[in-house]
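# Fold the following and give me the result.
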Amino acid sequence: MLRDRYRSRLPEDLQQLTGPVEGTVDLPLHIVWSGRATYSLARPKSRMTLYRTVLAEGLREDLAAFLHHWLLAEQWPVLRRLVSPYIRELWECAFSELPRTAPGGTTA
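Next comes the predicted model:
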């Protein structure tokens, strides 16, 4: 059931992810219902947390609005280890341009 939920949120193409590449991002309540909701794209840890949160909780429209294809691909080697195995597997199967190894050449 989780796989189907995440699969239905996938964009058809990574190029559909046209979110911001700089500045700050304020996530809506339906994605972040408690805790921090503002993220700085200039700070790697903050950006990584934003991407992990949107991948886990965002709807298809949210993925397109808050994620950017270039930043996703750049962060993926580390980000893939921070998301659930369901999310990692679906995204890597759907998008061959996402690297399947973490820094140092190890897979997760």
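# Could I get the full set of strands for this protein?
For the chain, the strands defined by DSSP state E cover 24-26, 38-40.
# what about the nearest residue to Thr24 once chain neighbours are set aside, neighbour count?
Leaving aside its chain neighbours, Thr24 sits nearest to Ser40 (5.3 Å; criterion: Cβ to Cβ, 6 or more residues apart in numbering). Every C-beta, even on glycine, is put in place using the N, C-alpha and C of the backbone. Ser40 has 14 neighbours, counted by other Cβ atoms under 10 Å.
# For Ser40, list the residues it contacts.
Counting by Cβ atoms under 8 Å, 6 or more residues apart in numbering, Ser40 touches Gly23, Thr24, Ser46, Arg47.
# Then Ile31?
Taking Cβ under 8 Å, 6+ apart, we find Ile31 in contact with Thr53, Val54, Glu57, Gly58, Asp62, Phe66.
# now the second one: how far from Glu89?
Separation of Val54 from Glu89 (Cβ to Cβ, to the nearest Å): 18 Å.
# ok, those two, which is more surrounded?
Ranked by neighbour count (other Cβ under 10 Å), Val54 and Glu89 place Val54 first, with 24 against 14.
# Would you mind measuring from that one to Arg60?
Distance, Val54 to Arg60, by Cβ to Cβ: 11 Å.
# Check Gln16 too.
With the distance defined as Cβ to Cβ, Gln16 ends up 9 Å from Arg60.
# now swap in Leu17 and tell me
Counting by Cβ to Cβ - Leu17 and Arg60 are separated by 11 Å.
# of the two, who's got more company?
Neighbour count, other Cβ under 10 Å: between Leu17 and Arg60, Leu17 has more, with 19 against 13.
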